[in-house]
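Chemist: turn this into a structure:
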Amino acid sequence: MVKLRLKRYGRKQRMTYRIVAIDAQSRREGKVIKEVGFYNPRRDETQLNLLAITAFCESGAKLTKAVHDILERAKLLE
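Modeler: Predicted coordinates for the structure are as follows:
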């Protein structure tokens, strides 16, 4: 099963996240299938590849709660 979840980057207290499609059994820093977005909580910046996200969702990928909240704020899930 594929999940869309956050992958942490950066150093202590300065983290950023990439939204990735990854196998559900892999660890957080494991090998990704595809990077589909970027999230910076310090500046509240978000970049999303909408075509890739919708393609993964239509093919049955699950969203984690954090990614679901980010996509709701971007008004993608309506």
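
Chemist: from now on I want contacts and neighbour counts done on CA atoms only, so please keep to that.
Modeler: Will do.

Chemist: wait, a helix at residue 71?
Modeler: Yes. Assessed by DSSP: H, G, I helix; E, B strand; the rest coil, residue 71 belongs to a helix.

Chemist: for it, give me its contacts.
Modeler: The neighbours of residue 71, taking CA atoms under 8 Å, 6 or more residues apart in numbering as the test, are residue 77.

Chemist: let me know the pLDDT of it.
Modeler: At residue 71, the pLDDT value in this model is 93.

Chemist: separation between it and residue 45?
Modeler: Using CA to CA, to the nearest Å, one obtains 12 Å as the distance from residue 71 to residue 45.

Chemist: ok, now residue 23?
Modeler: Taking CA to CA, one finds residue 23 at 25 Å from residue 45.

Chemist: neighbour count: those two, which is higher?
Modeler: Per other CA atoms under 10 Å, whichever of residue 23 and residue 45 has more neighbours is residue 23, with 18 against 10.

Chemist: you'd agree the more buried one is up against residue 3?
Modeler: Yes. Using CA atoms under 8 Å, residue 23 is in contact with residue 3, at 6.2 Å.

Chemist: so which residues of the protein form strands?
Modeler: The residue ranges that make up the strands of the chain, judged by DSSP state E, are 2-11, 14-23, 34-40, 45-48, 62-63.

Chemist: can you lay out those strands as a markdown table showing mean pLDDT and distance to residue 54?
Modeler: A markdown table is the format used below for the strands of the chain (pLDDT from 0 to 100; distance: least, CA to CA, whole Å):
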| stretch | mean pLDDT | distance to residue 54 |
| --- | --- | --- |
| strand 2-11 | 93 | 11 |
| strand 14-23 | 94 | 12 |
| strand 34-40 | 95 | 10 |
| strand 45-48 | 94 | 11 |
| strand 62-63 | 95 | 11 |
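
Chemist: as TSV, those with distance to residue 55 would be great.
Modeler: Conversion of these to TSV gives the following (distance: least, CA to CA, whole Å):
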stretch	distance to residue 55
strand 2-11	12
strand 14-23	11
strand 34-40	11
strand 45-48	13
strand 62-63	12
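
Chemist: next one: the residue nearest the centre of the chain from residue 36, what distance?
Modeler: The centroid of the chain falls nearest to residue 19 when counting by CA atoms, centre = their mean (2.3 Å). Residue 19 is 6 Å from residue 36, where distance means CA to CA.
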